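> Sharing a sequence plus its predicted fold:
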Amino acid sequence: MSDPVLELKGIEKVYNPGQPGEIRVLRGLDLSLRAGEAVALVAPSGAGKSTLLHIAGLLDTPDAGEVRIGGEAMQDLPDRRRTAVRRADVGFVYQFHHLLPEFTAAENIVLPQLANGTAPGAAKARAAELLATVGVADRANHRPAALSGGEQQRVAFCRALANRPRVLLADEPTGNLDPATSDRVFGALMDLVRQTGLAALVATHNMALAERMDRVVRLDGGVLVAG
Ligand SMILES: Nc1ncnc2c1ncn2[C@@H]1O[C@H](COP(=O)(O)OP(=O)(O)OP(=O)(O)O)[C@@H](O)[C@H]1O
């Protein structure tokens, strides 16, 4: 079997340590994701889902434990290098698309590539290819406000994958869509995961969608248990 792309080992996170409001959110959490694997993360509200996704995506640091991406221990890296790994190797999708309103769909996918050092021509070609993959090529030159919710979210997937990350972290990526649109958009996400061979951790409350992924893990008491 291939080596894990994303590995979390013994992750601990405590908010307000030593104070009356101390909360031990993550208590020795372990997680391992391989290339091409989609894992559903199910968590009751307040269980620490956002904390876990932020730590896995290098937006926050754990109080103890290790985060490895592509086998490399992230806590040993200088901040600048960790930021570079996050830009290149991690894609995020949120419940709301967060596309830049003044730019077109294609431009929203080009910009993160330019920030990552891709040449403009190659970035445009990649944007066009991704938009075609998720079936919104004909909306490339529209701004987000002129797109439907499902189209906006598909563009957000394309943006997340623009730099060919190894890891995709998604937080309720279809949570604000109606059931039929959610189903279609989720299908587009899974196609991208399969085609690109990335490792995806997808937080969702929707058990029907969760069960279409390779595994379900549940965040319970600060650790992950099989869903
Ligand atoms: N910066 C912070 N300082 C103090 N406590 C925090 C902080 N961030 C989160 N918490 C607390 O830690 C716990 C886990 O928060 P987190 O946002 O990770 O939960 P969640 O599972 O994502 O919740 P939801 O699904 O409702 O968004 C909550 O009790 C929250 O109030």
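Now that the structure is in, tell me what you want to look at. A quick note: this is a predicted structure, and the numbers were derived from the prediction, not measured.
> Surely H54 touches D60?
Yes: contact between H54 and D60 holds when scored by Cβ atoms under 8 Å: they sit 4.0 Å apart. Bear in mind the C-beta positions are built from the backbone N, C-alpha and C, glycine included.
> Looking at the two now, which is surrounded by more residues?
Under the criterion of other Cβ atoms under 10 Å, the comparison of H54 against D60 puts H54 first, with 18 against 13.
> Does the nearest residue to M207 once chain neighbours are set aside have any beta-bridge partners, and if so which?
Closest residue in space to M207, ignoring its immediate chain neighbours: V42 at 7.4 Å, by Cβ to Cβ, 6 or more residues apart in numbering. Note on V42: beta-bridge partners by DSSP bridges are R218.
> V42: neighbouring residues, count only.
For V42, the count of nearby residues is 20 (other Cβ under 10 Å).
> Report the contact partners of it.
Neighbour list for V42: 203-205, 207, 210, 216-219, 227 [criterion: Cβ atoms under 8 Å, 6 or more residues apart in numbering].
> which among the residues you listed gets closest to the ligand?
Of all the contacts of V42, the ligand sits closest to L219, with 7.0 Å by Cβ to the nearest ligand atom.
> Which residue is the nearest non-sequential neighbour of that closest one?
Excluding the flanking residues, the one nearest L219 by Cβ to Cβ, 6+ apart is A43, at 3.8 Å.
> for the one you found, what are its contacts?
Neighbouring residues of A43 by Cβ under 8 Å, 6+ apart: 49, 52, 203, 218-219.
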